[in-house]
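*Asks:* Make a model of this:
(one chain, ligands or ions: 1)
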Amino acid sequence: MSSPGLVVALSGGIGGAKLVLGLSRVLPPEDLLVVANTGDDFEHLGLSISPDIDTVAYTLSGLANPELGWGRRDETWSFMETLGALGGETWFRLGDRDLALHVERTRRLRAGDSLTAITADVCARLGIACRVVPMSDDPVRTRVRSETGWIDFQDYFVRQQCAPVVRELAFAGAEAARPQPALMAALSDPRLAAVVICPSNPFISVEPILAIPGVRAALLACAAPVIGVSPIIGGRAVKGPTAKMLAELGLEVSAASVAWRYGDLLDGYIVDHADADAPAQGPRVFAAETLMTTLADREALARAVLDAAATLRE
Ligand code: GDP
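*Replies:* Below you'll find the model as predicted:
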């Protein structure tokens, strides 16, 4: 497998993991560093849950649940059913197999291991060859302000099914969080060929990563091109609340809006062919097939991203 060099991918959950899977299939494993958002992390039923890390890990290992888009395939729900029968909280669903990961991560965090070390060990056990790291080992918690005040992210996202109107987002703990050392090392590595901002929700998947002190500056300073991929196709989100949030925050629901949101960070921006005639301001725009339905789609988009980066490096 020929490699352009080291590639860093900033990822949320579902949309990000799709492109990460594509990248993992066109790059040698040692040349892919996946940095996962941990702003969605929370403590629930006494467990430490890291939804985006897990979606990336399950996707890369072929264990992701294709129907749900989160959690594990071939899942059973005895724990949840029993918890419900006991009158426990069931609004956040945890499958029996998935549960094992949360129990083990919680045990190790309590024993003093870092989220980075735990994630590396879990990924190795799942047979994942590339590196997957959390954006920080320090807790960062996304919070959402709606008409009724501030609420925790999973309350908004899962319990209330994204129904509240979002007025503002905050990333509690971000200002004190230390950036992932592997990310900072990669951004100054002379072998760095590209940074990919995956087609994830900009507000709740990418901006928590950018909120960690030093990350945005290091991205601006890095010698390699930073390439974003639009999560909006033809004015609509493929999945999740990205379009709803854009509208609620007073922004146009468009691919261009997401690029605008990232400001001067992007050198290149991949949009769908459906959006290719949008006025190009800011980063250099490349059109590609960005809807990832099949594995071949994921690989093709990964190649398109690497081609765009190569063009920008020329
Ligand atoms: P979450 O953390 O699970 O919400 O996942 P992400 O933030 O990584 O992904 C959510 C975003 O992925 C949404 O804005 C979707 O529009 C986008 N998305 C999902 N599938 C695709 C796809 O096939 N292509 C593109 N371009 N975006 C996608």
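*Asks:* now the residue lying closest to S146 once chain neighbours are set aside: how far from the ligand?
*Replies:* Closest residue to S146 apart from its sequence neighbours, by C-beta to C-beta, 6 or more residues apart in numbering: P164 at 3.4 Å. Yep, even glycine has a C-beta here, placed from its N, CA and C like the rest. Shown here: P164 relative to the ligand, a distance of 16 Å by C-beta to the nearest ligand atom, to the nearest Å.
*Asks:* Give me the pLDDT for P164.
*Replies:* In this model, P164 is scored at 97, pLDDT.
*Asks:* Tell me the residues of this structure that contact the ligand?
*Replies:* 12-16, 18, 52, 55, 199-201, 205, 229-231, 233, 237-240, 242, 290-292 (C-beta under 6 Å from any ligand atom).
*Asks:* Give me the buried entries from those residues.
*Replies:* Burial of those was assessed by neighbour count (16 or more other C-beta atoms under 10 Å); the buried members are 12-16, 18, 52, 55, 199-201, 205, 229-231, 233, 237-238, 240, 242, 290-292.
*Asks:* Who are the packing partners of the longest helix anywhere in the chain?
*Replies:* Taking DSSP state H as the assignment, the helix of the chain that covers the most residues is helix 295-313. Under the contact criterion of 3 or more C-beta pairs under 8 Å, 6 or more residues apart in numbering; DSSP states H and E, helix 295-313 touches helix 14-26, strand 192-197, strand 226-229, strand 268-272, strand 284-288.
*Asks:* contacting residues for the residue nearest to S146?
*Replies:* If a contact means C-beta atoms under 8 Å, 6 or more residues apart in numbering, then P164 has 144, 146-148, 151, 156 as its contacts.
*Asks:* Identify those among those that sit within strands.
*Replies:* Using DSSP state E, the members of the contacts of P164 that fall within strands are 144, 146, 151.
*Asks:* Please tell me which one of the residues you listed counts the most neighbours.
*Replies:* Neighbour counts for these peak at V144, which has 24 neighbours (criterion: other C-beta atoms under 10 Å).
*Asks:* Compute the number of surrounding residues for R284.
*Replies:* Residues near R284, counting by other C-beta under 10 Å, number 14.
*Asks:* In this protein, what residue lies closest to the ligand?
*Replies:* Per C-beta to the nearest ligand atom, the residue of the chain with the smallest distance to the ligand is G15, at 1.9 Å.
*Asks:* got the contact list for the residue nearest to that residue when sequence neighbours are not counted?
*Replies:* Once flanking residues are discounted, G15 sits nearest to P199: 4.5 Å by C-beta to C-beta, 6+ apart. Taking C-beta under 8 Å, 6+ apart as the contact definition, P199 lies against 15-16, 18-19, 229-231, 238, 290.
*Asks:* Can you classify P199 by secondary structure?
*Replies:* Taking DSSP: H, G, I helix; E, B strand; the rest coil as the rule, one finds P199 in the coil state.
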